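Participant: Quick one: sequence plus predicted model below, questions after.
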Amino acid sequence: MHQKKKGALRRFWPYMARYKHIIALDLFCAALTTVCELVLPLIMRYITNQGISDLASLSAATVLRLGGLYLVLRIIDGVANYYMAGVGHIMGARIETDMRRDAFAHLQRLGHTYYSNTKVGQIMGRITNDLFDVTEFSHHCPEEFFIAGIKIVVSFIILCQSSVALTLILFACVPLMILCCVPFNLRLRAAFRGQRQQIGELNARIEDNLLGERVVKAFANEEVEREKFESDNGRFLGIKRVTYRSMAAFQTTTRMFDGLMYLVVLVAGGLFLVNGAIEPGDLVAYMLYVTTLIATIRRIIEFAEQFQRGVTGIERFYEIMDADVEILDEPGAKELGPVKGEIRFEDVSFEYPDDHNRVFSHVDLTIRPGEKLALVGPSGGGKTTLCNLIPRFYDPTAGRITIDGQDIHGLTLKSLRSAIGMVQQEVYLFSGTVLDNILYGRPGATREEAVEAAKMAGAHEFITQLKDGYDTYVGERGVKLSGGQKQRISIARVFLKNPPILILDEATSALDNESEALVGRSLQKLAQGRTTLTIAHRLTTIQNADRILVLGENGIEEQGTHEELLAKKGAYYHLWNTAAALEKGQLD
């Protein structure tokens, strides 16, 4: 067995161990159904031998007793099978649920770097489709191998009592069959892994298209998207072709060996019968046991497909679980208490961990409690990255950041991020109602508190004019609302959270002038009494900031008030005049 597969199965065992009592009872029921199946050939052998050798001794009462025994066994078989099919499958579903819960919890802890480099469609495939196969695997895997083991061992013992030679000839076909089927089994495993990978790509392609459907239509690129999809879809078909060809060769090989085993019993058994080496009833029992044996081996071989699907699902599950959690609570992390709002950057440098692209180096900065700080500069200058270091979306490559003198690295993530509110350019609203999205700012808040937050954000008036008011369904990602409406709901969300530190990341840059004015007033109200960092491209929105920082390739290039920076006639002066010239050109 491949080392990776061994490792995956070893790590999977704790999930099954939680239900070991159910598994034990399931295997007991499997043993009962197997015994019931193996008794029939013995009954038929007895009746046949008695009928040929001493028909007078075979009375109707004996036949009825044997029939009654078999009836009781079939009832036991039915009850045991009900448990296996019902409770056993539910156990598999529970294991799937446990794994999906753990995968989702781990995904919540993974950082921005992971999501920047992993397609959402791939992640979705791993925690949905892949884990569906684990349900069947976790239930059937121990059961199928256990049943097969009992049938093969018991059949071998019983058949040896009739003819050791014929039994050895017959069982010699089994390892030969397994040897011939292993290569197809390995090809199937590789094919299933390719299928899972490609279905993830297909999901990612569909998701990308559906989320960007307005852009597709705006550029009339439906045909381009169809061609992209057809390419991915065709690649998936190619992988399926390989899978089914391997499966066809696999099944054909097993059928050939089925025929070979029947041929062995027919020819060798017939010769043994002619020579008086076995009784007629023994030959009947042989044929029945061979039928059982072949069905068992075929089931195991066919289960190999399900087994490979399950192992592939487990391996892909652990690829998620093995993704490093880059940002986590340090041992002994403390809760952040009441916050005044002083933020300090002490010799902070940062480069992205995946591509080691340096953003800035040796930044020293002190933000006073309640200060309104604005960050400006060219795109790529590190404004958003600098702000993202405060809630620890990333950790600095060097240096440290403190809040009220406490190193944020030693604080719990929950308490740190609870103290910070963010309003971003790209607003994300969850599928649900307007009220649901406002309450996301502080789960557990009352409806009245949410309404008050909406009033403070200047959102109450337009919300009450919606069809169902606060209970209006906003659509996936808030598609039923305008940009300004979505932004004001996001501001209401932060008002409800009521954080002492506020980060505004180009919160109005995507809005029209009227919406910008409305949202701007809401943001001014939100910023009162809070330490506020504002990232802005429109310099007119930050003229009244207590201090403006100009970020460039060398970190903080300038800082001061609007008037002070204009008087310096440096980088900010150049940005201001460029913006003014562009605005004048647009007006002209």
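Facilitator: Yep, it's here. Residues are numbered from 1 along each chain as shown.
Participant: Look up which helix or strand C29 falls in, please.
Facilitator: Element membership of C29, judged by DSSP states H and E, is helix 20-53.
Participant: Which neighbouring elements make contact with that helix?
Facilitator: helix 60-109, helix 129-162, helix 280-321 (3 or more C-beta pairs under 8 Å, 6 or more residues apart in numbering; DSSP states H and E). Any C-beta I mention is one placed from the backbone N, CA and C, and that applies to glycine too.
Participant: Test my guess that V39 contacts Y70.
Facilitator: Yes - at 7.0 Å, V39 counts as touching Y70 under the criterion of C-beta atoms under 8 Å.
Participant: picking that back up, how much does the helix holding C29 deviate in direction from helix 280-321?
Facilitator: Orientation check (axes from the mean of the first three to the mean of the last three C-alpha atoms, to 10 degrees): helix 20-53 against helix 280-321 gives 160 degrees.
Participant: What residues sit buried inside helix 20-53?
Facilitator: For helix 20-53, a neighbour-count test (16 or more other C-beta atoms under 10 Å) marks 22-23, 25-27, 29-30, 32-41, 43-45, 47-50 as buried.
Participant: now the angle from it to helix 60-109?
Facilitator: Inter-element angle recorded for helix 20-53 and helix 60-109: 150 degrees (by the same axes, to 10 degrees).
Participant: Kindly calculate the angle that helix 20-53 makes with helix 129-162.
Facilitator: Interaxial angle, helix 20-53 versus helix 129-162 (the same axes, to 10 degrees): 30 degrees.
Participant: From the chain's centroid, how far away is helix 20-53?
Facilitator: 43 Å (C-alpha atoms, centre = their mean, to the nearest Å).
Participant: which non-adjacent residue is nearest D130?
Facilitator: G313 (3.8 Å; C-beta to C-beta, 6 or more residues apart in numbering).
Participant: what about the one you found, how many neighbours?
Facilitator: Using other C-beta atoms under 10 Å, the number of residues around G313 comes to 27.
Participant: and the gap between it and Q198?
Facilitator: Distance of G313 to Q198, given as C-beta to C-beta, to the nearest Å: 15 Å.
Participant: Make sure Q195 is actually in contact with I239.
Facilitator: Yes - contact criterion C-beta under 8 Å: Q195 and I239 qualify, at 5.4 Å.
Participant: Can you show me the helices along the stretch 301-450 of the chain?
Facilitator: 383-388, 413-418, 434-439, 447-456 (DSSP state H, counting those that start in this stretch).
Participant: Strands of the stretch 451-588 of the chain, start to end?
Facilitator: When secondary structure is read from DSSP state E, counting those that start in this stretch, the stretch 451-588 of the chain shows strands at 501-505, 531-535, 547-552, 555-560.
Participant: mind giving me TSV with those and columns for distance to G405?
Facilitator: Formatted as TSV, the strands of the stretch 451-588 of the chain follow (distance: least, C-beta to C-beta, whole Å):
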stretch	distance to G405
strand 501-505	14
strand 531-535	14
strand 547-552	20
strand 555-560	21
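Participant: which of those strands sits most buried?
Facilitator: strand 531-535 (a mean of 25; mean count of other C-beta atoms under 10 Å).
Participant: rewinding a little: relative to F145, which of the strands of the stretch 451-588 of the chain is closest?
Facilitator: Counting by C-beta to C-beta, F145 lies closest to strand 501-505 out of these; the figure is 55.9 Å.
Participant: Now do the closest one: which elements does it pack against?
Facilitator: For strand 501-505, the elements it packs on are helix 383-388, strand 420-424, helix 513-527, strand 531-535, judged by 3+ C-beta pairs under 8 Å, 6+ apart.
Participant: Walk me through which strands it pairs with, and which way each runs.
Facilitator: Within its sheet, strand 501-505 is paired with strand 420-424 (parallel), strand 531-535 (parallel), according to DSSP bridges.
Participant: Nearest to A323, out of those?
Facilitator: So among the strands paired with strand 501-505, strand 420-424 is nearest, using C-beta to C-beta, at 24.3 Å.
Participant: tilt between that closest one and helix 513-527?
Facilitator: 170 degrees.
Participant: Confidence-wise, which helix or strand of this protein is lowest on average?
Facilitator: None of the helices or strands of the chain scores lower by mean pLDDT, DSSP states H and E than helix 213-218, at a mean of 67.
Participant: The helix or strand just after it vs helix 280-321, what angle?
Facilitator: Moving toward the C-terminus from helix 213-218, the next helix or strand (DSSP H and E) is helix 222-264. If you take the same axes, to 10 degrees, helix 222-264 sits at 150 degrees to helix 280-321.
Participant: What helices and strands are in contact with helix 222-264?
Facilitator: helix 164-171, helix 173-211, helix 280-321.
Participant: could those be laid out in CSV, adding mean pLDDT?
Facilitator: Shown next, in CSV, are the helices and strands packed on helix 222-264 (pLDDT from 0 to 100):
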stretch, mean pLDDT
helix 164-171, 83
helix 173-211, 75
helix 280-321, 77
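Participant: Next, format those helices as JSON lines and append distance to L365.
Facilitator: Shown next, in JSON lines, are the helices and strands packed on helix 222-264 (distance: least, C-beta to C-beta, whole Å):
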{"stretch": "helix 164-171", "distance to L365": "79"}
{"stretch": "helix 173-211", "distance to L365": "37"}
{"stretch": "helix 280-321", "distance to L365": "37"}
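Participant: Figure out which of the ones you listed is closest to M16.
Facilitator: Closest of those to M16 is helix 280-321, at 10.9 Å (criterion: C-beta to C-beta).
Participant: follow-up on the earlier one: could you export the helices and strands packed on strand 501-505 as TSV, including distance to L202 and mean pLDDT?
Facilitator: Converted to TSV, the helices and strands packed on strand 501-505 look like this (distance: least, C-beta to C-beta, whole Å; pLDDT from 0 to 100):
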stretch	distance to L202	mean pLDDT
helix 383-388	32	88
strand 420-424	30	87
helix 513-527	38	75
strand 531-535	37	90
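Participant: Which stretch among these is buried most, on average?
Facilitator: strand 531-535 (a mean of 25).
Participant: Can I get it in CSV, CA atoms only?
Facilitator: Extracted C-alpha coordinates of strand 531-535, given in CSV (Å, rounded to 0.1, in the frame of the first residue of the first chain):
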residue,chain,number,x,y,z
THR,A,531,-8.9,56.1,16.6
THR,A,532,-9.5,56.1,12.8
LEU,A,533,-7.3,55.1,9.9
THR,A,534,-8.6,56.2,6.5
ILE,A,535,-7.2,55.0,3.2
